[in-house]
Structure formats: C-alpha cells, structure tokens
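> Make a model of this:
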Amino acid sequence: MAKKALVLSGGGGRGAYHVGVMQALVERGWMRDGQGPDIIAGTSIGAVNGAALASGMTIDQLRQRWLHMHSEDVQQLSSDLPTISRPLMRFLLRSILTSDEHGGDDQIEAETPEADRNLHSPSIWHKFRSIFSATPFKSLLDTTPWRHTLSAWMNFERINSPAAPTLLLTATDVRRGTLRVFCNHKLDGQAQDQLNIEHIMASSSIPAVYPWTQVGEDMYWDGAVLANTPLGPVIEHAGGDVEIIVVMMTPWDADPNDGDQHLEAMPSDLAQSLWLTLDWALLASYRASFKLLKVYNQIAEAAQRLTAAAEKTGDQSLRWPGTMPYRVAEPLVIAPQKLMPLEWIVDYEGKNHQALFEMGYRDALRTLDQRQEQA
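Alright, predicted model coming up:
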C-alpha cells in the first residue's frame, strides 16, 4: 500500500491556510485526525503546522491555536534596532549609498538633504553611529515571543516517538548554503534527530527579517531560502511508492496571460515589494522542483524501456547502468486561485486566519473533487 505524504510550504502568517486544507483532508478520509499521514514535510510555517500534526494535535485544536494567536505572540521589534527615522534609515543603508573611498559615513552626513538634516542634530547622528558600531543588528524583528508560543504547542516526546509520523523539517545552513533536513526518524545515511523547538525555529528564520537560529554548532535560516516546498526530501525518503499532496499558498499553475491572476495593484511600499519578491521566489522554487520531477520520471520510463529491450534482444549493453530509477507519481497540488494579500505574510490576526481557514478548505475540496472527476 502506498504511503501518504503531506508537504506544507512556507508563507508566514498565511499558514492558517494549511489548517483549512487539513480539515478537508480529514473529512475526505485522506488522513486521520490527530495522527496525520505517514510522512509530513514542512518549511517555515509549514514546519510549524507539520510539527503540530506530528504532536498529535487535532485539526480543531490547531485551529483554536491559530484563532487565539496574534502578532505579539509571534514577533517584536528587535531589541537592538532603534526607532526608524529617515536619518537612521540613511545610516542603515550606508553600505549601498556610499563607499569608504568616497568618505564613508562622514560623506553620508555631509550629503544629507536639508529637510532630513533638520530632523536630527550632529550629536544624535553620532549616537546612532556609536550604537550600531558597538551593537550591529542582525534582524529587523525578534522571535522570542514565537519561541514561547510554539513551545506551548508542541509535544516533542510524541514527535520523537516511534508512533509519530515521519516529520521532515528543512532549514538552510548559513555557513554552507546547503539544505539541511531534520527528521525524527532515521533516514538513509543520516541518524535520527531529536527534534526540539530549535529545529522549528531554524526552519522559520526568515533572513534579515528574523535572526538565524543555532542548532548544535551550526547556524540556520529559513528552509524556504532553498526549498519552500520540500518535495525532494519526501521522494528521497519514501521512494516511488508514495501519494503526495503539496499545499502551497501561491497560485502555481496559472496561465500568465490570465488577467485574473495578476496583481490587483502594484506594491504600495517597501514592505509589500519585499513580500511580493518573496512570493515569486518561493513560487519559482516549486515550479523548478516540479519540472525536475517530470524530467526524472521521463528518465525512469526510458530506463525501463532500455532494460526491457535488453531482456528481449539479449543485448546487455542496452541495460540501464547502476541503480534503476523509479517513477514517482506527480503530486496533487492544493493552492489558492488568486494571490493572497501581500501583508498577510507577517500579519497574524484572527480575521485573516478565519478567512484563510475557509479559503484553504474550499480550495482543498475543489482540488479533490477535480481529481475524482478525472480518475
């Protein structure tokens, strides 16, 4: 019997969408409530929701956690980041505004427009310089509240027990630039990880926005930097006999000529521009993975034909060399039909969560019904 695997993408505050999808999957009998499928893989907020499933949390319990969560339970202004102002932002961007060869910080101060110069005195300017020289900031936001919130969500004793489904959490190794897959069960060539809150935080550490997370001797950023939808680790772990459902929070297969899929309006500020950039980058990473899967399946089919020809003709030179590749069924992708509001990535509020529950539930039922009609 084929194993079942659920792949949950990153997407920050949009993660309530996963919960609506999972409710539909439970109602349709694809997975058991409070148990989950055989394999759960998650990146960033997908790692959070995936770990909650592996903890034995029911869909209703997870829904209640989301409904009672607010932005203050997730993030706060980084303790080493002063209040933003125009002169300060000019200082923060000094590395792209000038160079040491042309005067460095002193040149920025000299070239500050009169309107901005009136906003501060030289003493304040030099205080900013002394503060950031002594304590450089590493991120805009601090996730200490998120760590406390998630610690109360998770049952790590269950997650690390043999009864739990296989849980794959991805993170990006900051020093090496490689994808690290943490797993509560033993993988081929990798010992079992004893998962804890640090592994979840590591998978959720959005570069520059949140600080990196240390696990053992290594530092990690969000797994979405390299794999927002960790499809590859699932295939490597499960082999060819696996039924995969991928949950994304960006329309992934829309016709680029379809006007309904375009932005309703261009980004209105720097933050929205950053979130849109993240949206497109994450979407591109999955499209690339999906294309690679199709190519892999084509190679597997070619290998089978060559082997069959070798057996029929007796010409062993036709036989596929090495390990025989296996075909992997293309995953079922559940995703919204239109782009979500950009700011929802960092907006953790009840009204958004409720809307996301309903959206995920509807999209899941629609996709499951379409698959049944095509079967």
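> downstream neighbour of the longest helix anywhere in the chain in the secondary structure list?
The residue-count maximum for a helix in the chain (DSSP state H) belongs to helix 270-313. Downstream of helix 270-313, the first helix or strand assigned by DSSP states H and E is strand 332-334.
> who does that next one pair up with?
For strand 332-334, the paired strands and their directions (DSSP bridges) read strand 242-247 (parallel).
> For the strand it pairs with, which outside residues touch it?
2-9, 17-18, 21, 25, 30, 39, 46, 229, 231, 234-235, 286, 328-329, 331-335, 360 (Cβ atoms under 8 Å, 6 or more residues apart in numbering). Glycine gets a C-beta too; all of them are placed from N, C-alpha and C.
> mind listing what the closest residue to Trp320 other than its chain neighbours touches?
Nearest residue to Trp320, sequence neighbours excluded (Cβ to Cβ, 6 or more residues apart in numbering): Ala303, at 4.0 Å. With contact taken as Cβ under 8 Å, 6+ apart, Ala303 is in contact with 320, 324-325.
> Neighbour count says what about the residues you listed? Which are buried?
Listed as buried from the contacts of Ala303 are 320, 325; burial here means 16 or more other Cβ atoms under 10 Å.
> Would you format the contacts of Ala303 as JSON lines with distance to Val215 and pLDDT included?
Shown next, in JSON lines, are the contacts of Ala303 (distance: Cβ to Cβ, whole Å; pLDDT from 0 to 100):
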{"residue": "Trp320", "distance to Val215": "39", "pLDDT": "84"}
{"residue": "Met324", "distance to Val215": "36", "pLDDT": "81"}
{"residue": "Pro325", "distance to Val215": "33", "pLDDT": "80"}
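> now the longest helix of the chain and strand 242-247, what's the angle there?
160 degrees (axes from the mean of the first three to the mean of the last three Cα atoms, to 10 degrees).
> avg pLDDT for helix 270-313?
For helix 270-313, the mean pLDDT works out to 79.
> so Ala224 sits right up against Ser44, yeah?
Yes - between Ala224 and Ser44 there is a contact at 5.1 Å, judged by Cβ atoms under 8 Å.
> Common neighbours of those two, please.
What both Ala224 and Ser44 touch, as defined by Cβ under 8 Å, 6+ apart, is the set 9-10, 206.
> Compare the residues you listed and tell me which is most surrounded.
Within the shared contacts of Ala224 and Ser44, Ser9 tops the neighbour count with 33 neighbours, counted by other Cβ atoms under 10 Å.
> Out of the contacts of strand 242-247, which end up buried?
For the contacts of strand 242-247, buried by 16+ other Cβ under 10 Å: 3-9, 17-18, 21, 25, 30, 39, 46, 229, 231, 234-235, 286, 328, 331-335, 360.
> For Glu72, state which of the shared contacts of Ala224 and Ser44 is nearest.
Ile206 (17.8 Å; Cβ to Cβ).
> So that closest one is in contact with Gly223, correct?
No - contact status for Ile206 versus Gly223: not in contact, 10.4 Å apart, counting by Cβ under 8 Å.
> between the two, what contacts are shared?
With Cβ under 8 Å, 6+ apart as the test, Ile206 and Gly223 both reach Ser44.
> Using CSV, write out every CA atom in stretch 195-215.
Extracted in CSV, the C-alpha atoms of stretch 195-215 (Å, rounded to 0.1, in the frame of the first residue of the first chain):
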residue,chain,number,x,y,z
LEU,A,195,13.7,17.3,17.3
ASN,A,196,13.1,20.3,19.6
ILE,A,197,11.9,23.9,19.4
GLU,A,198,15.3,25.0,17.9
HIS,A,199,14.7,22.9,14.8
ILE,A,200,11.3,24.5,14.2
MET,A,201,12.7,28.0,14.8
ALA,A,202,15.6,27.2,12.4
SER,A,203,13.2,26.3,9.7
SER,A,204,11.3,29.6,10.3
SER,A,205,14.2,32.1,10.5
ILE,A,206,13.4,34.4,7.5
PRO,A,207,16.8,36.0,6.6
ALA,A,208,17.1,39.7,7.7
VAL,A,209,13.5,39.8,9.0
TYR,A,210,14.2,37.2,11.8
PRO,A,211,17.5,36.2,13.4
TRP,A,212,19.2,33.0,12.4
THR,A,213,18.9,30.0,14.8
GLN,A,214,21.7,27.9,16.2
VAL,A,215,21.3,24.1,16.3
